[in-house]
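Novice: Quick one, fold the following:
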Amino acid sequence: MSVSGFRGYFREDELARAVYSEAAGIARAIPSAVAVPVDAEDVVVLVKWAAESGSALIPRGSGSSMSGAAVGSGVVADLSRINHLGRIDERDRTVWAEPGVLWSTLDVAARRKGLRFPVDPSSGKFCTLGGMVATNAAGAHSLRYGSTRAWVYALDCVFSDGDRAVITRGEPPPKRIEAINRFMRDVHGEIVSSDKRRPIMHLGVRKESSGYAVHDYATKADLVDLLVGSEGTLAIIVGIQLKLEPVPAATSSLLGIFASLEQATVAATKAVEAGASACELLDKTFLAYAASGQPAGSKFKLTQGAAAVLLAEVEASSVDSAAAAAQDLARAFRQAGATDVDVALTSEAEHDIWELRHAASPILAGLEHSTSMQFIEDGAVPLAKLPDYVQGVRQALAEREVSGVIFGHAGDAHVHVNPLVDVTQADWRDRVDRLLDDVVALTARLGGTLTGEHGDGRIRTPLLSRVWHKDAIRAFGLIKNAFDPRNILNPGVKVPLKDQKPINDIKYDPLLPALPEKARAALDDVVNERAYDRFRLSLIGGTS
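Specialist: Numbers count the residues shown, from 1 in each chain. Predicted coordinates for the structure are as follows:
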């Protein structure tokens, strides 16, 4: 097969397809082909070909996606080579970037100008800006600065018939784009009125990247809000204009130790009220794994026996102001029940505190008899429900006899879970399915979302009807059909396909057919070295 006029790589060989069959999540899906466009016009050619041939396209950046949106049985479109970073406008504090630009690349360039893009996912070293926009990504500092959506000023998009246009916040949508015309004519009024009757949102949930942002759109009538977080299902993004923020003059950090989750939640509320820039939760499950092998004097040894630890950061206009704010928050932590609070006023001390957040990852990766599988890893609930959610997840893990590690963004009541599954047990798949069902039911009961910052992907999309009301599900379908009536853009994400299941092939399944040895070695290296930004075709030879 060939795509007339396409200048990038287009490969259908087994090795190329295999090396794009996995991403950072649990899923494996062998694509029918791999396309690597070299620029935006190449994307236009590719989309027009897909529209004519009926081929599905799966847009992808670094492949650090957790929810299965970056793998599928269609043609994977790797946008990572479209990666030019434009000039930073210091006066307006904006920048144009192509979708393959890494967050870390922008961060270095912006900080040279005294600026930053404050949405900082833990995958920032290797995730692309296109992927962040696609999932409405967030991070530790989203507590103060919100998720990606708020920082997107304009998007350069290729729609499902190959039309290309720039959508700018605050400006009327372009009239010559048929997909937009269909949406405005057939869907706009209905979803706006539906949201007014019954808001399409999860009340009290601070972080959301599930479904389409209907409530944001109904409030502001801004198409940018619908496109951000749409996971490549409404258009393929080929350019992004972001707003930037000055780097804070000074910061200080705190480590609070708590004997109960309820006390930690009260303290997290105090951090939100105080305007903290970050507030992270480390549950006792996380602390137990992270403390293993640590020296006697390490901070983790000091946390033994704690139900939870909070890490918090404050920003200020001066060193003295940051120190005073940290001391004020430390007093609030103690009043909430903290048994100990460590205040870090120097950059070195702050670094030591925040290193705790990353200490468990290498330990989890090296476990001999269990595999860390993130399939219930993105739930968010109203802040007052955080103890119920964490305790409910603990109970579900115990009932299914699965170990797990729990941590997350306490100020946003957004929790990550790493179930540790022993794939040598005969019933491990059944345990995975039942555990997923348990946590979905828990999330629905608490009025939460399954998707705080990682996107719905193919794992959560079939489950959305359990946490969204019927009017919301109908609105999502109307939006998808207006923008992509042929269903060629990431089908099975946001709107499920007929009989779609949350979990199909799991890449850790020892019974799955082995990938070609060269592809398997390349993918293992990506994971072990956390090098998701490596161009996959370069790992199997023949490209640069």
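Novice: switch to C-alpha atoms for all contacts and neighbour counts from now on
Specialist: Noted.
Novice: So which residues of the stretch 1-150 of the chain form strands?
Specialist: 9-11, 33-36, 57-60, 75-78, 94-97, 115-116 (DSSP state E, counting those that start in this stretch).
Novice: could you pull out the strands for the stretch 201-350 of the chain?
Specialist: Using DSSP E, counting those that start in this stretch, strands in the stretch 201-350 of the chain cover 236-243, 245-246, 250-258, 278-283, 308-316, 340-344.
Novice: For the fourth one, which strands pair with it and how are they oriented?
Specialist: So that's strand 278-283. If you go by DSSP bridges, strand 278-283 pairs up with strand 308-316 (antiparallel), strand 403-409 (antiparallel).
Novice: from those strands, which stretch is densest packed?
Specialist: strand 308-316 (a mean of 26; mean count of other Cα atoms under 10 Å).
Novice: and that strand, how far from the chain's centre?
Specialist: On the basis of Cα atoms, centre = their mean, to the nearest Å, strand 308-316 sits 21 Å off its chain's mean C-alpha point.
Novice: Repeat that for stretch 82-102.
Specialist: The answer for stretch 82-102 is 21 Å, by Cα atoms, centre = their mean.
Novice: what comes up buried for it?
Specialist: 82-83, 85, 88, 93-102 (16 or more other Cα atoms under 10 Å).
Novice: cool, and stretch 49-66?
Specialist: Buried residues in stretch 49-66 (16+ other Cα under 10 Å): 49-51, 55-66.
Novice: Just put the strands of the stretch 201-350 of the chain in CSV and tack on distance to Gly477 and mean pLDDT.
Specialist: Listed next are those as CSV, based on distance: least, Cα to Cα, whole Å; pLDDT from 0 to 100:
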stretch, distance to Gly477, mean pLDDT
strand 236-243, 18, 98
strand 245-246, 36, 97
strand 250-258, 44, 96
strand 278-283, 35, 94
strand 308-316, 40, 95
strand 340-344, 49, 94
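Novice: Quick one: the helices in the stretch 151-300 of the chain, in order.
Specialist: 178-186, 188-197, 214-220, 223-227, 261-273, 284-291, 299-302 (DSSP state H, counting those that start in this stretch).
Novice: what about the ones you listed, which gets the closest to Ala332?
Specialist: helix 261-273 (6.6 Å; Cα to Cα).
Novice: in the closest one, what counts as buried?
Specialist: Per 16+ other Cα under 10 Å, helix 261-273 contains these buried residues: Leu261, Glu262, Gln263, Ala264, Thr265, Val266, Ala267, Ala268, Thr269, Lys270, Ala271, Val272.
Novice: Quick one: neighbours of the nearest residue to the last one once chain neighbours are set aside, just the number.
Specialist: Looking back up the chat, that one is Val272. Setting aside the residues directly before and after it, Val272 is nearest to Gly411 in space (Cα to Cα, 6 or more residues apart in numbering), at 6.0 Å. The number of residues packed near Gly411 is 31, by other Cα atoms under 10 Å.
Novice: wouldn't Gly411 be in contact with Thr269 here?
Specialist: Yes - with contacts counted by Cα atoms under 8 Å, Gly411 reaches Thr269, the gap being 6.5 Å.
Novice: Overlap of the contact sets of those two?
Specialist: Leu383 (Cα atoms under 8 Å, 6 or more residues apart in numbering).
Novice: which residues does Arg206 contact?
Specialist: Ala380, Val381, Pro382, Asp412, Ala413.
Novice: same thing but at 6 Å, please
Specialist: By Cα atoms under 6 Å, 6 or more residues apart in numbering, the contact list for Arg206 reads Asp412.
Novice: Got phi/psi on it?
Specialist: Phi and psi for Arg206, reported as degrees, to the nearest 10, are phi -90, psi -20.
Novice: cool, and Ser160?
Specialist: phi -70, psi -20.
Novice: What about the closest residue to it other than its chain neighbours, how many residues nearby?
Specialist: Closest residue in space to Ser160, ignoring its immediate chain neighbours: Asp484 at 5.5 Å, by Cα to Cα, 6+ apart. Close neighbours of Asp484, defined as other Cα under 10 Å, add up to 22.
Novice: Give me the buried positions along stretch 159-168.
Specialist: For stretch 159-168, by 16+ other Cα under 10 Å, it's Phe159, Ser160, Asp161, Gly162, Asp163, Arg164, Ala165, Val166, Ile167, Thr168.
Novice: follow-up on the earlier one: could I get the strands of the stretch 1-150 of the chain in JSON lines, plus columns for mean pLDDT?
Specialist: Output for the strands of the stretch 1-150 of the chain, formatted as JSON lines (pLDDT from 0 to 100):
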{"stretch": "strand 9-11", "mean pLDDT": "96"}
{"stretch": "strand 33-36", "mean pLDDT": "98"}
{"stretch": "strand 57-60", "mean pLDDT": "98"}
{"stretch": "strand 75-78", "mean pLDDT": "98"}
{"stretch": "strand 94-97", "mean pLDDT": "98"}
{"stretch": "strand 115-116", "mean pLDDT": "98"}
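Novice: Rebuild those as JSON lines, extending it with distance to Leu537.
Specialist: Below are the strands of the stretch 1-150 of the chain laid out as JSON lines (distance: least, Cα to Cα, whole Å):
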{"stretch": "strand 9-11", "distance to Leu537": "9"}
{"stretch": "strand 33-36", "distance to Leu537": "9"}
{"stretch": "strand 57-60", "distance to Leu537": "14"}
{"stretch": "strand 75-78", "distance to Leu537": "10"}
{"stretch": "strand 94-97", "distance to Leu537": "23"}
{"stretch": "strand 115-116", "distance to Leu537": "31"}
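Novice: what about these, which gets the closest to Ala344?
Specialist: strand 115-116 (22.6 Å).
Novice: Show which residues not belonging to the closest one make contact with it.
Specialist: So strand 115-116 is contacted by Asp107, Ala110, Leu244, Glu245, Pro246, Val247 (Cα under 6 Å, 6+ apart).
Novice: Break this protein into its domains for me.
Specialist: Following automatic domain parsing, the chain resolves into domains at 1-82, 94-246, 250-362, 367-460.
Novice: Output those domains in JSON lines, with distance to Val493 appended to each entry.
Specialist: Shown next, in JSON lines, are the domains of the chain (distance: least, Cα to Cα, whole Å):
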{"stretch": "domain 1-82", "distance to Val493": "7"}
{"stretch": "domain 94-246", "distance to Val493": "7"}
{"stretch": "domain 250-362", "distance to Val493": "28"}
{"stretch": "domain 367-460", "distance to Val493": "5"}
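Novice: coming back round to it: for Ala326, which of the helices of the stretch 151-300 of the chain is the nearest?
Specialist: Across the helices of the stretch 151-300 of the chain, closest to Ala326 is helix 261-273 (Cα to Cα), at 10.0 Å.
Novice: Which neighbouring elements make contact with the closest one?
Specialist: helix 319-336 (3 or more Cα pairs under 6 Å, 6 or more residues apart in numbering; DSSP states H and E).
Novice: confidence score at Asn528?
Specialist: Asn528 carries a pLDDT value of 89.
Novice: From Ala521, how far out is it?
Specialist: Distance, Asn528 to Ala521, by Cα to Cα, to the nearest Å: 10 Å.
Novice: If we go by neighbour counts, what in the helix or strand that contains Ser538 is buried?
Specialist: Counting by DSSP states H and E, the element that carries Ser538 is helix 536-539. For helix 536-539, burial by neighbour count (16+ other Cα under 10 Å) applies to Arg536, Leu537, Leu539.
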